[in-house]
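J.: Kindly generate the corresponding structure for this input.
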Amino acid sequence: MNHSQLISQLIDISGQSQVITEPSKTLFYRKGYRFGEGNALAVVKPKTLLEYWKVLQVCVAADVIVISQSANTGLTGGSTPDGNDYDRDIVIINTLLLDGIQLIAKNTQVVCLAGATLYELEDVLRPLHREPHSVIGSSCIGASVVGGICNNSGGALVQRGPAYTQMALFAQINEKGELELKNHLGIHLGHTPEEILTNLQQHNYTNEDVEKDCGQGSDHAYCNHVRKIDADTPARFNADPTRHYEASGCAGKLAVFAVRLDTFPMDKETAVFYIGTNDIHVLSDIRRTMLTEFDSLPISGEYIHRDAYTLARKYGKDTSWVIKTMGTKWLPKLFALKAKADRIADKIPFMPSYFSDKFLQFTSKFIPTQPTAKMEYFYQKYEHHLILKVGSDLIAQTQNFLQNYFADARKGNYFECDSQETQAAMLHRFAVASAAIRYHNVHQKEVGELLALDIALRRNDKEWFEKLPPEIEEKILHKLYYGHFMCHVFHQDYILKPGVDGHKLEQEMLKLLDERGAQYPAEHNVGHLYEAKPALKQFYQDLDPTNGFNPGLGHTSKNKNWQ
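T.: The predicted structure follows:
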């Protein structure tokens with residue numbers, strides 16, 4: 001069928017308002033949050049799971065590429081086109097309207113539809129004193145639950161590891177190019193796609209229809225895995241075959257309608273400790289002791305280097321202020337408004353590029369510095385910062401350990417945060433990830449490319465803080481180091497000097513990481529930035545033998561049948 005016939009069929013399914021073809025209006029969906037952009041024939045926003053299925057049927061019949069996305073918050077361009085060198089036209093299916101969260105198994109598990117977000121899931125579980133596998137991390141602004149599963153997203157929580165499930169409902173293109181619906185949720189919903197999808201959307205099933213012990217709803221082994229700190233391998237990374245299972249890690253090579261996940265009891269009481277030191281081995285000692293000798297695992301341990309702190313206190317303070325005053329639930333709407341402002345500004349010749357970032361940075365001058373006085377004191381005195389959060393069962397043990405450990409003032413210092421300091425520390429860590437983007441966009445005429453690496457170091461790596469050779473160091477203006485310290489997962493952002501070839505420099509850095517036994521990416525998936533390792537590439541090929549869903553990931557073929 002030709003383009004007009006395909007568009008006409010998509011409109012018949014979802015309605016005129018839900019099919020977008022004008023390039024200026026599809027740009028929001030075609031351009032990644034941080035990386036990637038390409039053309040698309042149309043963007044479709046189905047309102048029901050059955051509509052989603054019918055749109056997929058039409059697209060597969062028309063032999064066009066399908067890229068499914070939800071919040072489009074990925075940092076490696078994996079939910080948008082990348083360039084215009086595909087051998088077929090592309091249709092993007094945005095699933096955010098397909099929200100829906102269904103509690104099952106006495107609230108110990110949950111079924112999340114394709115568009116359900118982490119914000120919504122946290123809101124549903126909070127009154128029940130339970131939590132999802134993942135909570136909002138450093139970069140997940142409006143992220144979807146299904147997106148986290150498809151990308152094996154890790155996050156900050158030490159006990160739970162990468163997002164993972166063996167129970168999902170998804171569509172798959174088989175070797176013959178035929179679309180199949182597979183219900184592996186462990187819930188009896190009917191026999192035909194129409195029955196299954198409609199019954200699920202309407203929550204038309206009973207407790208008796210829900211199977212028990214039909215698969216894992218999280219990575220049950222990670223809490224023991226992360227404690228093995230003498231192991232010569234990273235704790236978690238995207239290419240780890242042990243965490244690839246159908247929807248888990250599929251990165252859009254399947255069209256996922258819903259996932260079934262575990263929920264977790266919420267800690268009745270928590271405490272946050274802010275630690276500062278000028279010696280990386282001090283933080284290594286704390287990590288080793290807590291992971292091997294403590295009765296249970298801490299909730300999180302977030303690392304910030306002084307240089308990252310510096311940039312965030314200026315270029316991330318409006319983000320911290322907005323969350324503190326308005327809450328997280330408004331962030332997706334505000335970021336959509338920000339993107340709309342940029343689209344309008346781009347059409348006006350005299351308006352600067354990245355208008356919204358420059359406007360927000362100007363207004364942030366009138367916002368006070370967000371970190372507290374104690375944090376600022378530690379910022380001046382210490383290079384390395386660790387924000388340590390523990391549950392009620394570890395509060396006394398952590399207090400005693402830190403008091404004894406820092407009796408030697410040469411090692412550094414710590415303080416236990418009150419509620420205001422807890423909020424400020426967590427928000428500052430949140431703001432760090434977006435600070436590099438803001439700085440780069442505001443100073444685009446003065447700086448070179450922005451290079452972002454997402455790495456997992458070996459669990460036994462004692463020299464975890466990066467030391468670059470002079471020939472690489474001289475090409476960089478700013479380095480930002482931050483990450484999930486207990487899991488040895490680090491995010492490393494580099495703002496390069498003007499004229500430096502970012503791709504070439506990245507290859508040099510990745511070679512150094514290979515020599516250190518690191519794995520990359522750690523939790524943001526390969527997208528179109530990283531090369532897929534052989535096992536991950538094989539996983540993609542097995543899921544999608546005709547290469548009809550989201551081709552090109554991990555520098556693989558963008559052509560039909562992987563040619």
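
J.: Can you get me the centre-to-centre distance for the longest helix along the chain and its chain?
T.: Longest helix in the chain, counting residues (DSSP state H): helix 419-442. Taking C-alpha atoms, centre = their mean, to the nearest Å, one finds helix 419-442 lying 16 Å from the centre of the chain it belongs to.

J.: from memory residue 520 sits against residue 456, does it?
T.: Yes: with contact defined as C-beta atoms under 8 Å, residue 520 counts as touching residue 456 (6.9 Å). Heads up, the C-betas are built off the backbone N, CA and C, glycines and all.

J.: Which one's more surrounded, the two?
T.: Using other C-beta atoms under 10 Å as the criterion, residue 520 and residue 456 rank with residue 456 on top: 29 against 25.

J.: Tell me the pLDDT of the more buried one.
T.: The score at residue 456 is 96. That number is its pLDDT.

J.: Please apply the same query to the one 5 residues further on.
T.: Note on residue 461: pLDDT of 96.

J.: Wait, it touches residue 517, no?
T.: Yes: Residue 461 lies in contact with residue 517 (C-beta under 8 Å); the separation is 7.4 Å.

J.: mean confidence score for stretch 331-349?
T.: Average pLDDT, stretch 331-349: 78.

J.: Could you pull out the helices in the stretch 401-550 of the chain for me?
T.: All helices of the stretch 401-550 of the chain, identified by DSSP state H, counting those that start in this stretch, fall at 419-442, 470-473, 502-515, 534-543.

J.: Minimum distance to residue 53: which of these has it?
T.: Closest of these to residue 53 is helix 534-543, at 17.8 Å (criterion: C-beta to C-beta).

J.: Ramachandran coordinates for residue 177?
T.: phi 80, psi 20 (degrees, to the nearest 10).

J.: now the one 10 residues further on
T.: Backbone dihedrals for residue 187, given as degrees, to the nearest 10, come out at phi -130, psi 130.

J.: Which strands or helices does the element among helices and strands of the chain having the smallest mean pLDDT pack on?
T.: Least confident helix or strand, the chain: helix 331-346 with a mean of 77, by mean pLDDT, DSSP states H and E. The contact analysis (3 or more C-beta pairs under 8 Å, 6 or more residues apart in numbering; DSSP states H and E) places helix 331-346 against helix 23-30, helix 317-326, helix 355-363.

J.: worst average pLDDT in the ones you listed?
T.: helix 317-326 (a mean of 85).

J.: Off-centre distance for it?
T.: 20 Å.

J.: And stretch 151-159, by the same measure?
T.: On C-alpha atoms, centre = their mean, the centre of stretch 151-159 falls 9 Å from the chain's centre.

J.: what residues does that stretch touch?
T.: 74, 78, 133-135, 137-138, 140, 143, 147-148, 161-164, 222-223, 226, 236, 238, 240, 243-244, 248-249, 251, 297-302, 484, 486-487, 489, 522-525 (C-beta atoms under 8 Å, 6 or more residues apart in numbering).

J.: Residue 238 should be in a helix, yeah?
T.: No: the assignment for residue 238 (DSSP: H, G, I helix; E, B strand; the rest coil) gives coil, which keeps it out of a helix.

J.: Neighbours of it, how many?
T.: Residue 238: 30 neighbours (other C-beta under 10 Å).

J.: now residue 551
T.: Neighbours of residue 551 using other C-beta under 10 Å come to 26.

J.: right, and the helices and strands packed on helix 331-346 - which one's nearest residue 467?
T.: It is, among these and with distance given as C-beta to C-beta, helix 317-326, at 29.9 Å.

J.: can I get the CA coordinates of that closest one in PDB?
T.: Extracted as PDB, the C-alpha positions of helix 317-326 are listed here (Å, rounded to 0.1, in the frame of the first residue of the first chain):
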ATOM      1  CA  LYS A 317      18.800  24.600  40.700                       C
ATOM      2  CA  ASP A 318      15.600  25.500  38.800                       C
ATOM      3  CA  THR A 319      14.900  21.800  38.400                       C
ATOM      4  CA  SER A 320      15.400  21.300  42.100                       C
ATOM      5  CA  TRP A 321      13.300  24.300  43.000                       C
ATOM      6  CA  VAL A 322      10.400  23.200  40.700                       C
ATOM      7  CA  ILE A 323      10.300  19.700  42.200                       C
ATOM      8  CA  LYS A 324      10.500  21.100  45.800                       C
ATOM      9  CA  THR A 325       7.700  23.600  45.200                       C
ATOM     10  CA  MET A 326       5.500  21.700  42.800                       C
END
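
J.: What is it packed up against?
T.: helix 331-346, helix 355-363, helix 419-442.

J.: looking at these, which is buried most?
T.: Stretch with highest mean neighbour count among those: helix 419-442 (a mean of 22; mean count of other C-beta atoms under 10 Å).

J.: Just the ones in strands from the contacts of stretch 151-159, please.
T.: Those of these mapping onto strands are 300-302, 484, 489, per DSSP state E.

J.: would you list those residues in JSON lines and tack on pLDDT?
T.: Compiled in JSON lines, these are given as follows (pLDDT from 0 to 100):
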{"residue": "300", "pLDDT": "94"}
{"residue": "301", "pLDDT": "96"}
{"residue": "302", "pLDDT": "95"}
{"residue": "484", "pLDDT": "94"}
{"residue": "489", "pLDDT": "95"}
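
J.: ok, back up a step: export the helices of the stretch 401-550 of the chain to TSV and tack on distance to residue 351?
T.: Shown next, in TSV, are the helices of the stretch 401-550 of the chain (distance: least, C-beta to C-beta, whole Å):
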stretch	distance to residue 351
helix 419-442	14
helix 470-473	36
helix 502-515	26
helix 534-543	41
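
J.: any idea which helix or strand carries the residue nearest to residue 462 when sequence neighbours are not counted?
T.: The shortest distance from residue 462 to any non-neighbouring residue, by C-beta to C-beta, 6 or more residues apart in numbering, is to residue 284 (5.6 Å). Per DSSP states H and E, residue 284 falls inside helix 280-293.

J.: Same check on residue 59?
T.: Secondary structure assignment for residue 59, by DSSP H and E: helix 49-61.

J.: what's downstream of that helix, the next helix or strand?
T.: strand 65-69.

J.: Could you tell me the angle between the next helix or strand after that next one and helix 23-30?
T.: Scanning forward in sequence from strand 65-69 by DSSP H and E, the next helix or strand is strand 90-94. Interaxial angle, strand 90-94 versus helix 23-30 (axes from the mean of the first three to the mean of the last three C-alpha atoms, to 10 degrees): 70 degrees.

J.: which helices and strands does strand 90-94 pack with?
T.: helix 23-30, strand 42-44, helix 49-61, strand 65-69.

J.: So for the last one, mean pLDDT?
T.: By that I understand strand 65-69. Rounded mean pLDDT across strand 65-69 is 97.
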